[in-house]
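J.: My questions are about this predicted structure, shown below with the sequence.
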Amino acid sequence: MVNSDQPRENHLLSVLPETEWARLAPHLVLVKMPLGKVVYESGDQLDHVYLPTTSIVSLLYVMEDGASAEIAIVGNEGLVGISLFMGGETTPSRAVVQSAGEAYRLGSQILKEEFLRAGPVQRLLLRYTQALITQMAQTAVCNRHHSIDQQLCRWLLLSIDRLPSNELKMTQELIANMLGVRRSGVTEAALTLQDAGLIHYRRGCIEVLDRAGLEKRVCECYGVVKREFDRLLPDTTAS
């Protein structure tokens, strides 16, 4: 049984009505999410979903030659493993921890049973899924049409929105893998943002110093995704 309010640091858990919370809370297990941990691989049968509190998980599409690109990120606003309740059971993407922290794990059967009650949990998860699909679509557009500088700004803003601080424990190599670009391109973009006083980069860590400055430089994609999450995931218990 979870006795503290720590799970409520995850947005989906924080807006659950008391009845649904009481059913799910005994089954939530706090787990560490170290940087680089593979939560699931492409094609894996999902036994659990993960609800991050202080970690961020990157959803990656991996090509046959091993190249990869990020299609979405999940942090304290959401849940990793939507295919479980959408009926697919497996997914062609890989889920990897991009910023270390913690999450709550919930068994697949418990979530399925709650989803099939067709109550507040189902409505909440479907709204979240719509918001996540928007992020995936906007990521594809951004990667095709916008500069690496703008992509990095979008990625940084989306990431710190999902963390309790403005500091990301990340490497440039990992960022390059996420964005599907060369490491040299990320290095150049990070130096540009650092020279402008917007971020501070040191080995394995990026700190956002000027959020407003990033918002001025970022492309429209960040705003589209943020507005959709804000629209779909306010106090959804009232629906």
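T.: All right, it came through fine. Numbering: from 1, shown residues only.

J.: packing partners for the helix or strand harbouring L106?
T.: Element membership for L106, per DSSP states H and E: strand 101-107. Using 3 or more C-beta pairs under 8 Å, 6 or more residues apart in numbering; DSSP states H and E as the contact test, the elements touching strand 101-107 are strand 29-33, strand 48-52. No exception for glycine: its C-beta is placed from N, CA and C like everyone else's.

J.: avg pLDDT for it?
T.: Mean pLDDT, strand 101-107: 95.

J.: buried stuff in whichever helix or strand comes after that strand?
T.: Of the helices and strands lying after strand 101-107 in sequence (DSSP H and E), the nearest is helix 108-115. Within helix 108-115, the residues that count as buried by 16 or more other C-beta atoms under 10 Å are S108, I110, L111, E114, F115.

J.: could you dump the residues you listed to TSV with distance to K37?
T.: Output for the buried residues of helix 108-115, formatted as TSV (distance: C-beta to C-beta, whole Å):
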residue	distance to K37
S108	19
I110	22
L111	20
E114	26
F115	26
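
J.: number of nearby residues for R123?
T.: Applying other C-beta atoms under 10 Å, we find 13 other residues in the vicinity of R123.

J.: The helix or strand hosting it: how far from the chain's middle?
T.: Using DSSP H and E, the element containing R123 is helix 120-145. Centroid displacement of helix 120-145 relative to its chain, using C-alpha atoms, centre = their mean, to the nearest Å, is 11 Å.

J.: deepest of the helices and strands packed on strand 101-107, which one?
T.: For the helices and strands packed on strand 101-107, the largest average neighbour count (mean count of other C-beta atoms under 10 Å) is found in strand 48-52, namely a mean of 24.

J.: Show me what secondary structure element comes after the helix holding R123.
T.: As assigned by DSSP H and E, the chain's next helix or strand after helix 120-145 is helix 148-161.

J.: Report the inter-axis angle for that following helix versus helix 120-145.
T.: With axes from the mean of the first three to the mean of the last three C-alpha atoms, to 10 degrees as the basis, helix 148-161 and helix 120-145 are set at 160 degrees to each other.

J.: Using PDB, write out every CA atom in helix 148-161.
T.: Coordinates of each C-alpha in helix 148-161 appear next as PDB, following Å, rounded to 0.1, in the frame of the first residue of the first chain:
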ATOM      1  CA  ILE A 148      18.300  21.700 -34.900                       C
ATOM      2  CA  ASP A 149      18.400  24.800 -32.700                       C
ATOM      3  CA  GLN A 150      14.600  24.900 -32.700                       C
ATOM      4  CA  GLN A 151      14.300  21.200 -32.200                       C
ATOM      5  CA  LEU A 152      16.600  21.400 -29.200                       C
ATOM      6  CA  CYS A 153      14.600  24.300 -27.700                       C
ATOM      7  CA  ARG A 154      11.400  22.300 -28.100                       C
ATOM      8  CA  TRP A 155      13.000  19.200 -26.600                       C
ATOM      9  CA  LEU A 156      14.400  21.200 -23.600                       C
ATOM     10  CA  LEU A 157      11.100  22.900 -22.900                       C
ATOM     11  CA  LEU A 158       9.100  19.800 -23.100                       C
ATOM     12  CA  SER A 159      11.600  18.000 -20.800                       C
ATOM     13  CA  ILE A 160      11.700  20.700 -18.000                       C
ATOM     14  CA  ASP A 161       7.900  20.900 -18.100                       C
END
